[in-house]
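1. Dropping the sequence and predicted coords here.
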Amino acid sequence: MSAHLERVQKAVAATRAPRLGERVRQLRIAAALTQSELAGDRFSKEYISQIERGKTRPTQETIDWLALRLGVDVGYLASGVSTDERAKAEAILARADALTGEHAFDEAIEEYRRALSAVLATGSDQLHVRVLAGEAMALAHHGDPRGALELLTQARALVEGDEFSDLDRADVLYRLGVCRWLLSSVSTAIALFNEALTLGERSGLPSDELRLNIFSWRSRCYRRQRDYEAAREDVERALELAEALHDPRALGEAYFQASVLAERDGHWVQARTYAEKAKAQYEQLADRGNVGRLLNNLGGLEFLLGKPDQAIAHLKSAFAVALEVGREHDAATAVSSLAQVHLRTGDPRKAEEQALHALHIVGDREDMLDEIGNARLVLGRALLEQGRLDESEAALAAAEDAFSQLSSASHRAAAWIAQGDLATKRGDERRAAVLYRRAAEALQDFRF
């Protein structure tokens, strides 16, 4: 448990309102009523006594009636917190959710933590789960998936309660799956997504939005595992649901995933079409952050289509947008992509400079191992082109290490091919052959 959460929970426990029965007794005495007078013609004195002693839990209808008789707020009688106080907690939580939606993760995390004490004071496990789940996703997308897992583990324990539905449990499992994906635990992520789908369907409650999100994220897992048919099926399902829901944000993400798959298949024009559709959806939402992501994607596709000048223009725009909206990890991705373009157009010095810049920006974020590996790979090849073989060897070994943590054979194969080229440069044909064979056996499938 985080130190922040532990402090808040202890403070709330120290000041928590008395139980419902005790509140009824205190309010009855304050109103100068006997148990018989409070019961009136509706209940017996003995039933009121059982409520006050905590021997029975009244129905919501009875709580409403007692609140009316005692002249107090129903929410206060039920939980010790007035409806106004609950509304205040919900308002703070809603603002935090909105900030997450805008990718203002620093502010969102602060707001969730501000909401926590108010939410815990309401005694509502439902709101508590919302705070934990919301802050977890903000942390995950802000580069702290392990911190997110800690919060989601607490949320998972809470949703086992009877007041929660299978859909609530499915939502927490989905979020856990996202965190596992970010930590490169791909098989675990798929298992969590599968379980979430099963629970969502079993709940009998509307779950299209949750299913859409699961299909979108699970497609990434299948792509990492090279199960492209399964990835394609999930993207198609996500697109169908997004279109049915008329959700531009979900459509943007689904089109983006479809673009990545089309690129992998070598259908670059189709991939560009999907990327442009995704960009249009995000422009409709004025979502500059995701517009920047799509500019990076389009830059890569323009390069593959033989248009390096357009590619560089898109990638520079992607970098500028990422800085504008404060998304440094996207800025690193754009710089890494620029490094690849300069490497492939014969400017290894510029490629080296930009690869190092990308690595400096991204730091050691373990949720960005793919970008770290890609930047190291470009760096290694740029150094190789300059004849700096020992430095190249170190950079390529570091790239292989990053890719090995991704559990992605195709990414590792790209590193092995580069190491084979280095061995060839040194005249070590035997080692080069071993590395090339290893890459071929891994069914190398690395693209821009």
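-> Yep, that arrived.
2. pLDDT below threshold where in this protein?
-> 1-18, 79-83, 443-448 (pLDDT under 70).
3. Now do the strands in it.
-> Using DSSP state E, no strands are found in the chain.
4. just the helices in the stretch 201-350 of the chain please.
-> 208-224, 228-245, 248-264, 268-284, 288-304, 308-324, 328-344, 348-362 (DSSP state H, counting those that start in this stretch).
5. who's in contact with the third one?
-> So the one you mean is helix 248-264. 209, 212-213, 216, 219-220, 223, 228, 231-232, 235, 238-239, 241-243, 268, 270-272, 274-275, 277-279, 281-282, 284-285, 287, 290, 293-294, 297, 300-301, 304, 445, 447-448 (CB atoms under 8 Å, 6 or more residues apart in numbering). All C-beta atoms are positioned from the backbone trio N, CA, C, and that covers glycine.
6. List buried residues within the residues you listed.
-> 212-213, 216, 219-220, 223, 231-232, 235, 238-239, 241-242, 268, 270-272, 274-275, 277-279, 281-282, 287, 290, 293-294, 297, 300-301, 304, 448 (16 or more other CB atoms under 10 Å).
7. close enough to count as contact, Phe319 and Ala332?
-> No - using CB atoms under 8 Å, Phe319 is not in contact with Ala332; the gap is 9.2 Å.
8. and Ala382, how many residues sit next to it?
-> 27 (other CB atoms under 10 Å).
9. how much space is there between it and Gln340?
-> 10 Å (CB to CB, to the nearest Å).
10. for Gly177, same thing?
-> In terms of CB to CB, Gly177 sits 30 Å off from Gln340.
11. Asp84: neighbouring residues, count only.
-> That count, for Asp84 with other CB under 10 Å as the rule, works out to 11.
12. List the residues that contact it.
-> Asp73 are the contacts of Asp84 under CB under 8 Å, 6+ apart.
13. one step back: please enumerate the shared neighbours of Ala382 and Gln340.
-> Ala351.
14. Which residue, other than its chain neighbours, is closest to Leu167?
-> Ser203 (4.1 Å; CB to CB, 6 or more residues apart in numbering).
15. which ones are touching Leu77?
-> 20, 23-24, 27, 63, 66-67, 70.
16. which among these gets closest to Glu391?
-> Nearest to Glu391 among these is Leu20, at 70.3 Å by CB to CB.
17. Could you double-check that the closest one lies in contact with Arg53?
-> No - with contact defined as CB under 8 Å, Leu20 does not count as touching Arg53 (11.1 Å).
18. Give me the more crowded residue out of the two.
-> Neighbour tally, Leu20 and Arg53, criterion other CB under 10 Å: the higher count belongs to Leu20, 19 against 12.
19. Skipping adjacent residues, who's closest to Gly373 in space?
-> Ala402 (3.5 Å).
20. Could you verify my assumption that that neighbour touches Arg365?
-> No - Ala402 sits out of contact with Arg365 when judged by CB under 8 Å, with a separation of 11.2 Å.
21. and for these two, which residues touch both?
-> With CB under 8 Å, 6+ apart, Ala402 and Arg365 have common neighbours Ile372.
22. Tell me which of the two has more neighbours.
-> Ala402 (24 against 18).
23. What distance do you get for the more buried one to Ala395?
-> For Ala402 relative to Ala395 (CB to CB), the value is 11 Å.
24. for Leu304, same thing?
-> 24 Å.
25. Same check on Arg211?
-> From Arg211 to Ala395 the distance is 42 Å (CB to CB).
26. Tell me which of these two has more neighbours.
-> It is Ala395, of Arg211 and Ala395, that has more neighbours when counted by other CB under 10 Å, with 28 against 19.
27. I'd assumed Leu379 was in contact with that one.
-> Yes - judged on CB under 8 Å, Ala395 makes contact with Leu379 at a distance of 4.5 Å.
28. For stretch 304-315, output the C-alpha coordinates as PDB.
-> Output of stretch 304-315 as PDB, limited to C-alpha atoms (Å, rounded to 0.1, in the frame of the first residue of the first chain):
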ATOM      1  CA  LEU A 304       8.100   3.600 -46.800                       C
ATOM      2  CA  LEU A 305       6.200   5.000 -49.800                       C
ATOM      3  CA  GLY A 306       9.400   6.700 -51.000                       C
ATOM      4  CA  LYS A 307       8.700  10.300 -49.900                       C
ATOM      5  CA  PRO A 308      11.500  11.100 -47.400                       C
ATOM      6  CA  ASP A 309      10.900  14.900 -47.500                       C
ATOM      7  CA  GLN A 310       7.200  14.400 -46.500                       C
ATOM      8  CA  ALA A 311       8.200  11.900 -43.900                       C
ATOM      9  CA  ILE A 312      10.700  14.400 -42.300                       C
ATOM     10  CA  ALA A 313       8.000  17.100 -42.300                       C
ATOM     11  CA  HIS A 314       5.500  14.900 -40.600                       C
ATOM     12  CA  LEU A 315       8.000  13.700 -38.000                       C
END
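29. Other residues contacting that stretch?
-> Residues contacting stretch 304-315 (CB under 8 Å, 6+ apart): 263, 268-269, 272, 295-296, 298-300, 302-303, 334, 337-338, 341, 345, 447-448.
30. Just the buried ones out of these, please.
-> Buried among those (16+ other CB under 10 Å): 263, 268, 272, 295-296, 298-300, 302-303, 334, 337-338, 341, 448.
31. Enumerate every residue touching the residue lying closest to Cys179 once chain neighbours are set aside.
-> The shortest distance from Cys179 to any residue other than its chain neighbours is 4.4 Å, reached at Pro145 (CB to CB, 6+ apart). By CB under 8 Å, 6+ apart, the contact list for Pro145 reads 139, 179, 182-183, 366-367.
32. give me that answer again for 10 Å
-> Taking CB atoms under 10 Å, 6 or more residues apart in numbering, we find Pro145 in contact with 136-137, 139, 152, 178-185, 365-367.
33. In helices only, show me these.
-> 136-137, 139, 152, 178-182 (DSSP state H).
34. need those residues in JSON lines with neighbour count, can you?
-> Below are those laid out as JSON lines (neighbours: other CB atoms under 10 Å):
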{"residue": "Ala136", "neighbour count": "27"}
{"residue": "Met137", "neighbour count": "21"}
{"residue": "Leu139", "neighbour count": "23"}
{"residue": "Leu152", "neighbour count": "27"}
{"residue": "Val178", "neighbour count": "23"}
{"residue": "Cys179", "neighbour count": "26"}
{"residue": "Arg180", "neighbour count": "22"}
{"residue": "Trp181", "neighbour count": "23"}
{"residue": "Leu182", "neighbour count": "23"}
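35. Export these to a markdown table and append columns for distance to Glu90.
-> Below are those laid out as a markdown table (distance: CB to CB, whole Å):
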| residue | distance to Glu90 |
| --- | --- |
| Ala136 | 18 |
| Met137 | 18 |
| Leu139 | 21 |
| Leu152 | 21 |
| Val178 | 24 |
| Cys179 | 25 |
| Arg180 | 30 |
| Trp181 | 30 |
| Leu182 | 29 |
